[in-house]
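**Q** only the shape, not the letters, is given here:
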DNA sequence: CTTGCTTGGCTATCTGCATTAGCTTTAATG
DNA sequence: CATTAAAGCTAATGCAGATAGCCAAGCAAG
């Protein structure tokens, strides 16, 4: 439902209607709207992590970067509501949430490891990659790319450019 | 108020309370909550455009890119609610909204012009830059960068990397 | 069989917010 | 001084979330 009506418009009334049940009946299964939202948040983060992990296995370096970027974008385009959910709250409470977030971070770090970056560079690279992926994909999902120009191509070039940046960082690290 | 309580939590009840007035009295000044939100959206986009334009005057190339990127990030950190508002709806209706969005696009295109990109590259570059800026800044505003590492530095390096990417695109365009 | 418990629905009710209708006050204008 | 527009108010409606408490179906144990 989050994917269909949008994360912000997810309501218990709509869920109850969809299930052919009165609204209060839902409270036999969930504690509150906020609790339901938290579950969707966790689900989204877990699925996103799984998609990224699956894309990364058996690849390394630029290959892995491109594959994971595509998997990330693919998940968001397929499940925009669930993805929006993953960003809605700064975790901290739910253990499964924290765990799922750590899994995503692990994949990203594994990819970047393949570039042989200096320790100082890794955090910057993680932040940059997250920013890149999240920015592109959320603008795309929000309908921000109106020009009649191939969006796939723009994404590919953005990722390729970042790949080049990572390689230049790595080169600077090995031969300072 | 959007900046203080968050864009999602902006409510007429809160506005009325802040103004020391009963809720229905607001309808003498606005048509609805949605109308108020639209005004905040337009305001945010206008202010963002002004900040970017101001940063761009008198600069070009990498200088302009860095200055505008800093202005963008600065505006969002100062006015997170207003910035979130600018992204909430895909314009289309309000003329001032469309105009403000065009102004932002103009600044970005002016900067990229300075790099001497091929026509084909411009759209990709605009999209990439928007993705970069929006992604970094919205993750930062959402509290996504928890590591105890200088966020300013990460942002500077991300922008510098993109600057290098643009230069490589330009080089490929002039000498194919 | 029957007693009794769990499950999962229900109605009724309360709260908070957006909205509309209609009244009143204030102050500027003629 | 009368009129009128601006801007407040109360009252009432509708909807969403939440809570309390009731009820029927299914099933286990006696």
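**A** Nice, thanks for sending it over. Owing to the predicted nature of the structure, the values given are computational and were not obtained by experimental measurement. Numbers count the residues shown, from 1 in each chain, chains lettered A, B, ... in the order given.
**Q** which parts of chain A sit against DNA strand D?
**A** A:11, A:12, A:13, A:23, A:24, A:27, A:32, A:33, A:34 (CB under 7 Å from any atom of the strand). The way it works is simple: take the backbone N, C-alpha and C, and place the C-beta from them, glycine included.
**Q** max pairwise distance over these: which two?
**A** Using CB to CB, the pair of the residues of chain A next to DNA strand D lying farthest apart is A:24 and A:34, separated by 16.4 Å.
**Q** still on that earlier bit, show me which of the residues of chain A next to DNA strand D neighbour DNA strand C.
**A** Among those, DNA strand C is touched by A:24, A:27 when using CB under 7 Å from any atom of the strand.
**Q** let me have the residues of chain A next to DNA strand D in TSV, extended by pLDDT.
**A** Formatted as TSV, these follow (pLDDT from 0 to 100):
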residue	pLDDT
A:11	98
A:12	98
A:13	98
A:23	98
A:24	97
A:27	98
A:32	97
A:33	98
A:34	96
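**Q** of the residues of chain A next to DNA strand D, buried ones?
**A** Buried members of those, scored by 16 or more other CB atoms under 10 Å in any protein chain shown: none.
**Q** among the residues of chain A next to DNA strand D, which lie within helices?
**A** Among the residues of chain A next to DNA strand D, DSSP state H puts A:12, A:13, A:33, A:34 in helices.
**Q** hang on, residue A:48 packs against residue A:72?
**A** Yes. Checked against CB atoms under 8 Å, the pair residue A:48 and residue A:72 is within contact range at 7.1 Å.
**Q** which of those two has more neighbours?
**A** Neighbours per residue (other CB atoms under 10 Å in any protein chain shown) separate residue A:48 from residue A:72, with residue A:72 holding more: 26 against 23.
**Q** hang on, the more buried one packs against residue A:50?
**A** No. Residue A:72 is not in contact with residue A:50 according to CB under 8 Å; the separation is 11.7 Å.
**Q** state the distance from residue A:20 to residue A:26.
**A** In this structure, residue A:20 and residue A:26 are 12 Å apart, going by CB to CB, to the nearest Å.
**Q** those two: which is more packed in?
**A** Ranked by neighbour count (other CB under 10 Å), residue A:20 and residue A:26 place residue A:26 first, with 17 against 6.
**Q** residues of chain A that sit close to DNA strand C?
**A** Counting by CB under 7 Å from any atom of the strand, chain A sits next to DNA strand C at A:21, A:22, A:24, A:25, A:27, A:28, A:29.
**Q** of all these, which two lie farthest apart?
**A** Every pair of the residues of chain A next to DNA strand C checked by CB to CB; the farthest is A:22 and A:29, at 12.7 Å.
**Q** now name the helix or strand holding residue A:104.
**A** In the assignment (DSSP states H and E), residue A:104 maps to helix A:95-113.
**Q** can you name the next helix or strand after that helix?
**A** Next along the chain after helix A:95-113, with elements defined by DSSP H and E, is helix A:119-141.
**Q** shaky segments in chain A?
**A** Scanning chain A for pLDDT under 70 picks out A:90-92, A:176.
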